[in-house]
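Enquirer: need a structure here:
(one chain, ligands or ions: 1)
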Amino acid sequence: MSVTNGVKRKHDESSKDEKHATKRQRLLPSRRALPIWKRASDIRQSLQQHNVLVLSGETGSGKSTQVPQFLLDCAWCRGKIAVTQPRRVAAISLARRVAEEMGTPCGSSSPASKVGYSVRFDESTSPSTRVKFLTEGMLLQEMLRDENMKEYSCIIVDEVHERSVNVDLILGFLKRLVQKRRSTKRPLKVVVMSATADVDSLTKFFESSNRGSAAVNDIHTSSDDIRKRSLDADESIDSADAVSRCYVEGRQYPVKLEYLGTPTDDLLEAALHRIFHIHCKEPMPGDILVFMTGQEAIQSLQKLAEEYAEGLTKEYPRILVLPLFAALPQSSQQRIFQPAPLNTRKVILSTNIAETSVTVPGVRFVVDTGKAKMKQFRNRLGLDSLLIKQISKSSADQRKGRAGREFPGQCYRLYTEDSYNKLENDNTPEILRCDMSEALLKMKARGIEDVMNFPFLTSPPREALEKALLQLLQLGALEEDGSISAIGRQLARLPLTPSLGRVIFEASRPERNCLPEVIDIASCLSVESIFLNVDTEEIREQAQIARGQLLRRQGDHLTLLAAVQAYAAERSDRRQWAERHLISHRAMQSVMDVRKQLTAQCRAANLLKGLTTQEASTAPDEGKQEQILKCFLRGFSGNVARLCPDHSYKTFVGNQTVAIHPSSVLFGRKLEAILYNEFVFTNKAYARGVSAIQVRWLEEVLEA
Ligand SMILES: Nc1ncnc2c1ncn2[C@@H]1O[C@H](COP(=O)(O)OP(=O)(O)OP(=O)(O)O)[C@@H](O)[C@H]1O
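Expert: Sure thing, here's the model as predicted:
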């Protein structure tokens, strides 16, 4: 029997190998047709001679998928290649595509797989992984574990133009690491790339580490002629210290652009109109990718589009509307990559998470609303809030670049050409507009004591750094002398903001003893909202009834806990349970995923010692409820507002008026004081994720 099984397994494996090899062969011609293919030997050669390469090239020219494959066989490349991506959806889809192109299984599916990925709450690699796509946050986590990054021969920082805080930190760390490893047997090679990168500043940034000299090697690539030039004639400069630059010209397929003739105020209506205009006029196949601002706008448009599609006659193809936003569970996100069923057009409604790096197979049309939700640090409040803003030219060009990847495409901008011309060229680096506490904690954990003199590509304002240091001190993550504390080290290892990390840590203390409950709530906070939209008075009343048993008078935190506990306890049909309670089943699946991962991480960090998960499934008594809220207060003591005699709430920090968001269970209530997770500004300032607290708790919590 076992012999037969053994033979069968061998047979299965060899047929799998064959399948992978066939796929590889099938994809080879399209790889060869990519503009970057002709540059392969230049790219290899430049990294043979130099340690840093700044690579720019149009969207779809083949940077993300081909560069790692070009470098794998280089003599210097004995270790792994890391490729960072701003978002998990890109990291996973690129890993899958590159695995197919290389003819190898992906991730942890086989010990022989050469390509893997690592994103928050999901690591999929094998002992044979050579190319690893990972989010910027995950690379930073790896840098905390091994500051020399010994496993890696090359680190590729992709989509560098997005300028997240994480990318800026990575660049600073890499600049030092390249120097540190330059004279060793295994120098580290770094490739920084994007379609819209500021090549000059990046080159200067890496140059200045080269013992003060400026040496640049340009590889101009409009033709086969390679022009190299050294800006510094000093012969003593080691050529490895020079930064090479390469520009890859051209893209495989053209994209036609169309603007609105006159501006519109109603983007939802304009997007709906454009979708159905394309659907009714353009031949099949040809999927549509629409860029919207956020989850709420996407869900509203999805509802409208599905209703509208129902009214179409049978002569038109069917429509499959697929939402895509960060809080969706991974399995739902991956649906956009599957081909549409026969005689059906995919319409993907996405936030900016599909803006860079991804190729969505089948997409011929892009519709761009020109807006995105962005984090912005609000100085008076001392915290980040989400604002809807106009995108930059560079983002608009990236969005356009999602079409024309497999065939010629078309991009419709729902704004005028004049508005496009007035957009900022680039995104403002996040480091200039966001809370710096998470970044500073990572730096401290990596042994950078003097954060003020860290080599930032763009230096954040001194005031922002000071504020972040103060916040870390207040969270207990730093000692009085500015060095990282034991708590700080624990927080740096958790995949959460320092504030939420501190809540988790607080909950693990024996006197609080409520970690499982706090993990449940924190998991919900990683999802934009588990509750379905209640935008009319009528639906709000329905929701009150449907969710009645889950609502807690103390506020949103305990309501979230009740929802997770009830969902987890549901053994028969969780989807139906979610529908009955007007709760998003998809969001709850994500919550359960995160909950599992967070529990494992807390256990690994020794925070969950001696506790069983069963303890979390019982409803907390009043004493425990208070402990849970106090844990949140410990992490978010800056997010407190109190009721004033005029019945408005005013924040403790900044004395700003803030109202309880209509989505909160406390909407319309007057309470002594409130604690909130998030400050959002739409038509006015709102607090979201709100619970009732007592002012006197603050003193107790901060003293502990
Ligand atoms: N999942 C996929 N399915 C089909 N084709 C794909 C897929 N991924 C990549 N491709 C093909 O490979 C080409 C190059 O993709 P790649 O992501 O390497 O380009 P890029 O230069 O990094 O683009 P960008 O700057 O937009 O991220 C695409 O234009 C497309 O033709």
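Enquirer: All the helices of the stretch 551-700 of the chain, residue numbers only.
Expert: According to DSSP state H, counting those that start in this stretch, the stretch 551-700 of the chain carries its helices in the segments 556-569, 574-580, 585-604, 622-635, 695-703.
Enquirer: got the angle for the last one vs helix 622-635?
Expert: So the one you mean is helix 695-703. With axes from the mean of the first three to the mean of the last three Cα atoms, to 10 degrees as the criterion, the two stretches helix 695-703 and helix 622-635 enclose an angle of 60 degrees.
Enquirer: mind checking which of the helices of the stretch 551-700 of the chain is nearest the ligand?
Expert: Closest to the ligand of these, according to Cβ to the nearest ligand atom: helix 585-604, at 22.7 Å. Where you see a C-beta, it was placed from the backbone N, CA and C, and this is true even at glycine.
Enquirer: I'd like the average pLDDT over the closest one.
Expert: Averaged over helix 585-604, pLDDT sits at 87.
Enquirer: List the buried residues in it.
Expert: For helix 585-604, the buried set under the neighbour-count rule, 16 or more other Cβ atoms under 10 Å, comprises 585-595, 597-599, 601-602.
Enquirer: buried residues in stretch 274-286?
Expert: Here stretch 274-286 shows 274-276, 278-279, 286 as buried, counting by 16+ other Cβ under 10 Å.
Enquirer: quick revisit: same list, the helices of the stretch 551-700 of the chain, but as TSV with distance to the ligand please.
Expert: Formatted as TSV, the entries for the helices of the stretch 551-700 of the chain read as follows, by distance: least, Cβ to the nearest ligand atom, whole Å:
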stretch	distance to the ligand
helix 556-569	33
helix 574-580	29
helix 585-604	23
helix 622-635	36
helix 695-703	46
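Enquirer: quick revisit: ok, so of the buried residues of stretch 274-286, who is nearest the ligand?
Expert: Nearest to the ligand, judged by Cβ to the nearest ligand atom, of the buried residues of stretch 274-286 is Gly286 at 14.7 Å.
Enquirer: List the contacts of the closest one.
Expert: 278, 345, 362, 364-365 (Cβ atoms under 8 Å, 6 or more residues apart in numbering).
Enquirer: can I assume Leu475 is in contact with Val701?
Expert: No: between Leu475 and Val701 there is no contact, the gap being 11.6 Å when judged by Cβ atoms under 8 Å.
Enquirer: So between the two, which is more surrounded?
Expert: Comparing Leu475 with Val701 by other Cβ atoms under 10 Å, the one with more neighbours is Leu475, at 26 against 19.
Enquirer: Counting neighbours, what do you get for the residue lying closest to Ala354 once chain neighbours are set aside?
Expert: In space, and not counting its chain neighbours, Ala354 is closest to Leu324: 5.8 Å by Cβ to Cβ, 6 or more residues apart in numbering. Applying other Cβ under 10 Å, we find 24 residues neighbouring Leu324.
Enquirer: Hmm, Leu324 is touching Asn352, no?
Expert: No: using Cβ under 8 Å, Leu324 is not in contact with Asn352; the gap is 10.2 Å.
Enquirer: tell me, what's touching those two both at once?
Expert: Listed contacts common to Leu324 and Asn352 are nil; contacts here mean Cβ under 8 Å, 6+ apart.
Enquirer: right, and Arg552 touches Ala562 too?
Expert: Yes: with contact taken as Cβ under 8 Å, Arg552 and Ala562 are classed as touching, separated by 5.9 Å.
Enquirer: and Asn701, what does it touch?
Expert: No Asn there; residue 701 is Val. By Cβ under 8 Å, 6+ apart, the contact set of Val701 is 630, 633-634, 637.
Enquirer: Neighbours of the closest residue to the ligand within the stretch 201-350 of the chain, how many?
Expert: Taking Cβ to the nearest ligand atom as the measure, the point where the stretch 201-350 of the chain comes nearest the ligand is Gln252, at 5.9 Å. Other residues near Gln252 come to 18 when the count uses other Cβ under 10 Å.
Enquirer: Any chance of the backbone angles for it?
Expert: Comment: the main-chain dihedrals of Gln252 come out as phi -70, psi -40, following degrees, to the nearest 10.
Enquirer: What separation do you get for it and Ile278?
Expert: Relative to Ile278, Gln252 is positioned 22 Å away (criterion: Cβ to Cβ, to the nearest Å).
Enquirer: hmm, who's touching stretch 660-670?
Expert: By Cβ under 8 Å, 6+ apart, the residues outside stretch 660-670 that reach it are 529, 531, 534, 551-553, 555-556, 559, 643, 647, 649, 674, 680, 686-692.
Enquirer: Please identify the buried residues of it?
Expert: Along stretch 660-670, the positions that meet the burial threshold by neighbour count (16+ other Cβ under 10 Å) are 660-661, 663-666.
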